[in-house]
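1. below: sequence and its predicted model.
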Amino acid sequence: MHELYADPEVRAAVVARWGPGVAPGGTIDRAAVARHAFAAPADRAWLEGLLWPLVGARVAAWRAVEAARTPPPPALVVETPLLFEAGLANLYDATLVVIADEGIRAQRAAARGHAVIAERTARQLTQEEKAARADHVVRNDRDLAALEQELAHVLEKLSATTR
């Protein structure tokens, strides 16, 4: 989704909404956009209304290209942070949610420099709600090797169902 900000039409719409300060030098400053988007529900809704249809269209186009390959890839994986909130789950054959304890999630978000963590979390479904909606749930409370092992297990299950 981040590359959508390089699209001239998206950049123009964002600058028209929040001013040139969100695109110094012509490049969208995502942190500045986040400050505006998370400041008011109407601003967040506007941004989501701009971006989510574009995300859906890109995923659909990418899937079509990949499915036409010979041989087709065994799986296509798309990271969609607000999958259920955006109503995009129907674009996929299967959904997977990666969850972790709230304390770990907060530490990781802070380490990535995300401000206004409470506001971001408030607009998302709870992890329990996401897990209930997903086809597969993977815990990410341990190290990267454990996460990779869990994800490989899910991929094996998915591959077995498509044979």
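-> Sure, I can see it.

2. just the pLDDT for residue 119.
-> In this model, residue 119 is scored at 61, pLDDT.

3. so how many other residues sit close to residue 29?
-> Residues near residue 29, counting by other CB atoms under 10 Å, number 15. C-beta here means a position set from N, CA and C on the backbone, and glycine is covered the same way.

4. quickly note the distance from it to residue 22.
-> Distance of residue 29 to residue 22, computed by CB to CB, to the nearest Å: 6 Å.

5. doesn't residue 86 make contact with residue 125?
-> No: the criterion here is CB atoms under 8 Å, and residue 125 misses it with residue 86 at 10.9 Å.

6. could you pull up the residues touching residue 151?
-> Under the criterion of CB atoms under 8 Å, 6 or more residues apart in numbering, the contact list for residue 151 reads 96, 138.

7. from what I can see residue 56 touches residue 90, true?
-> No: checked against CB under 8 Å, the pair residue 56 and residue 90 is beyond contact range at 9.4 Å.

8. how much space is there between residue 9 and residue 42?
-> Between residue 9 and residue 42 the distance is 21 Å, computed by CB to CB.

9. repeat that for residue 13.
-> Residue 13 sits 15 Å away from residue 42, taking CB to CB as the criterion.

10. same question for residue 155.
-> Taking CB to CB, one finds residue 155 at 40 Å from residue 42.

11. and the two? Which one has more around it.
-> Taking other CB under 10 Å, residue 155 and residue 42 do not tie; residue 155 has more neighbours (15 against 9).

12. mind checking the SS state of that one?
-> Assigned by DSSP: H, G, I helix; E, B strand; the rest coil, the conformation of residue 155 is helix.

13. and the nearest residue to residue 78 once chain neighbours are set aside, backbone torsions?
-> Leaving aside its sequence neighbours, residue 78 sits nearest to residue 59 (CB to CB, 6 or more residues apart in numbering; 5.5 Å). Here is the backbone geometry of residue 59 (degrees, to the nearest 10): phi -60, psi -50.

14. okay, residue 56 and residue 90: which has more neighbours?
-> Neighbours were counted for residue 56 and for residue 90 using other CB under 10 Å; residue 56 has more, 16 against 7.

15. so where is the protein shaky, pLDDT-wise?
-> Scanning the chain for pLDDT under 70 picks out the ranges 1, 114-123, 162-163.

16. would you map the helices across it?
-> Taking DSSP state H to define them, one finds helices in the chain at 8-18, 30-37, 41-67, 102-111, 117-122, 127-133, 144-161.

17. now these as a markdown table including distance to residue 73?
-> Below are the helices of the chain laid out as a markdown table (distance: least, CB to CB, whole Å):
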| stretch | distance to residue 73 |
| --- | --- |
| helix 8-18 | 28 |
| helix 30-37 | 29 |
| helix 41-67 | 6 |
| helix 102-111 | 29 |
| helix 117-122 | 32 |
| helix 127-133 | 25 |
| helix 144-161 | 11 |
